[in-house]
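Asker: sequence and computational prediction follow.
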Amino acid sequence: MIGLVDGNNFFVSCERVFDRRLVGRPVAVLSNNDGCCVSRSNEFKALGIPMGTPYFQLKDREAAGELFFRSSNYELYGDMSRRIISILREEAVEVEQYSIDEAFIFPPTTAAADYAAYGRRLRAKIFRWVGIPCGIGFAPTKTLAKIANHIGKKKPDGVFLMPDDPTDILAALPVQEVWGVGRRLPAKLHAVRIITAQQLRDADDDTIRSVGGVTLLRTAMELRGIPCHEERDYDADPDSISCSRSFGEPVTSAEALAESLAAYTAQAAAKLRRHGLLAAGCNIYAQVFASCGGGDFLGRTVVFPAPTDATNEMLRAIREEVDALYVAGTRYRKTGIVFFGLEKPGTAHQMDLFEDSRSPFPVPRSPSRLYAAVDALNARYGKGKVFSAAQGLGAKSWHMKRQKLSRRPTTRWDELMTVR
């Protein structure tokens, strides 16, 4: 039996843990640059406002006190997610985190006697320790567990165990709502008279394969109760690491462009070090407004003299390429960096016979002791306390707009909650 634990309206629920004034009110969390609604409370949904509604269309209703908004506080959400996963790892045999607010769990054998009771205890523990309400669904496969979780969220106790024969449930479920079907397949499925999840389950394999290939066939097999989704190692080292942001306002100067890329390089490098990896090189890019012409993206590839995790060495390597991205008169909307060729320190590779021993990139590379100290200082005294001058010293107009950002009381000492 597989369980799926999913935080209800996760971003909004995180905001409510530390601001009880939001409980019971229509609340939405906004996307980057406070653009549109990406998480909505049940009260907000009840007003008929769809996901993705632009914030500017709702400002008048906010001013009237009808709606409440918060900017995306990813630092808070990530830490709350980590706390939930730590509880799941204590209570389950195995945990596969699927997203920031979802995780598949494999319950212990002792839970087999009453999975619903096990789910209720787990849900109560998460709510008591972290404050986040969750839905939990149990089923023989991950696809069925997704469906069970969706039903569980609507139950008073938040838990649902898929029955041995789920035919009635699948007959009432539109095929487009099945996990893995996607946006393009429903029209093709409807053309062959597959309208519901039950019809997908019961269709012959050749028909399913002709519409969506082996991937859709795996989904159908899962609806039949046969596990087909391979176990993923969600804790495995990534193949690439990236960081990018849209600007709070258009960037037109070379200085601001360089500062933003330096800042995102530093953030991605810190993530690289947390995984204990070195990068062989990176792709840097800038997105321009379409009205500027010349294509939407400008990009450069940089190969480091040797794999590294040191921010200063990366900034030195990309400096000239950053200058090459700048075109006078162009309005930039976003920049980013992607590291590739990730490897563990000490990985064997071809040495350079003609390498200059005085090179600032000694071979072979090992983790930077300097930036291990920088990371430790930032962890102790606050994110960004120690940074490269290349990231800029003054106010940065290109920073992402988050005018409704809440506090981060679980990760920043200077934002701890106070009790009066």
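Answerer: Cool, the structure landed.

Asker: which helices and strands sit right next to the helix or strand harbouring residue 372?
Answerer: Assessed by DSSP states H and E, residue 372 sits inside helix 369-381. Packing partners of helix 369-381 (3 or more C-beta pairs under 8 Å, 6 or more residues apart in numbering; DSSP states H and E): helix 254-274, helix 311-325. The C-beta positions use only the backbone N, C-alpha and C, and glycine is treated the same way.

Asker: the inter-axis angle of it versus helix 254-274?
Answerer: 90 degrees (axes from the mean of the first three to the mean of the last three C-alpha atoms, to 10 degrees).

Asker: list the buried residues for helix 369-381?
Answerer: 371, 374-375 (16 or more other C-beta atoms under 10 Å).

Asker: give the pairing partners of the helix or strand hosting residue 245; include direction for each.
Answerer: In this assignment (DSSP H and E), residue 245 forms part of strand 241-251. Sheet partners assigned to strand 241-251 using DSSP bridges are listed as strand 332-340 (antiparallel).

Asker: now the angle from the partner strand to helix 311-325?
Answerer: 130 degrees.

Asker: which residue ranges of the chain form helices?
Answerer: Secondary structure of the chain (DSSP state H): helices at 10-18, 42-46, 59-63, 74-91, 115-129, 142-152, 167-171, 185-191, 197-202, 205-223, 254-274, 311-325, 369-381.

Asker: can you lay out those as CSV showing mean pLDDT and distance to residue 333?
Answerer: Output for the helices of the chain, formatted as CSV (pLDDT from 0 to 100; distance: least, C-beta to C-beta, whole Å):
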stretch, mean pLDDT, distance to residue 333
helix 10-18, 95, 24
helix 42-46, 96, 28
helix 59-63, 94, 22
helix 74-91, 91, 20
helix 115-129, 96, 39
helix 142-152, 96, 35
helix 167-171, 96, 44
helix 185-191, 93, 32
helix 197-202, 96, 40
helix 205-223, 93, 34
helix 254-274, 91, 11
helix 311-325, 88, 13
helix 369-381, 88, 28
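
Asker: residue 337: which of those helices is closest?
Answerer: helix 254-274 (5.2 Å; C-beta to C-beta).

Asker: quick one: distance of the closest one to the chain centre.
Answerer: Here the centre of helix 254-274 is set off from its chain's centre by 19 Å, with C-alpha atoms, centre = their mean, to the nearest Å.

Asker: tell me the buried residues in that helix?
Answerer: 256-270, 272-273.

Asker: mind saving the C-alpha coords of that helix as PDB?
Answerer: Provided in PDB are the C-alpha atoms of helix 254-274 (Å, rounded to 0.1, in the frame of the first residue of the first chain):
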ATOM      1  CA  ALA A 254      25.100  46.700 -18.100                       C
ATOM      2  CA  GLU A 255      25.800  47.200 -14.400                       C
ATOM      3  CA  ALA A 256      22.400  45.900 -13.300                       C
ATOM      4  CA  LEU A 257      22.600  43.000 -15.800                       C
ATOM      5  CA  ALA A 258      26.000  42.000 -14.400                       C
ATOM      6  CA  GLU A 259      24.900  42.400 -10.700                       C
ATOM      7  CA  SER A 260      21.800  40.100 -11.300                       C
ATOM      8  CA  LEU A 261      23.900  37.400 -12.900                       C
ATOM      9  CA  ALA A 262      26.500  37.600 -10.100                       C
ATOM     10  CA  ALA A 263      23.700  37.300  -7.500                       C
ATOM     11  CA  TYR A 264      22.100  34.300  -9.200                       C
ATOM     12  CA  THR A 265      25.500  32.700  -9.600                       C
ATOM     13  CA  ALA A 266      26.200  33.000  -5.900                       C
ATOM     14  CA  GLN A 267      22.800  31.500  -5.000                       C
ATOM     15  CA  ALA A 268      23.200  28.600  -7.400                       C
ATOM     16  CA  ALA A 269      26.800  28.000  -6.200                       C
ATOM     17  CA  ALA A 270      25.500  27.800  -2.600                       C
ATOM     18  CA  LYS A 271      23.000  25.200  -3.700                       C
ATOM     19  CA  LEU A 272      25.800  23.300  -5.400                       C
ATOM     20  CA  ARG A 273      27.900  23.200  -2.200                       C
ATOM     21  CA  ARG A 274      24.900  22.000  -0.200                       C
END
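
Asker: related to what we said a few turns ago, what's the helix holding residue 372 in contact with?
Answerer: 269-270, 273-274, 309-312, 384-386, 413 (C-beta atoms under 8 Å, 6 or more residues apart in numbering).

Asker: and if you look at stretch 94-110?
Answerer: Under C-beta under 8 Å, 6+ apart, the answer for stretch 94-110 is 1-7, 10, 77-78, 81, 84-85, 88-89, 91-93, 115, 118, 138, 142, 145, 231-232, 234-235.
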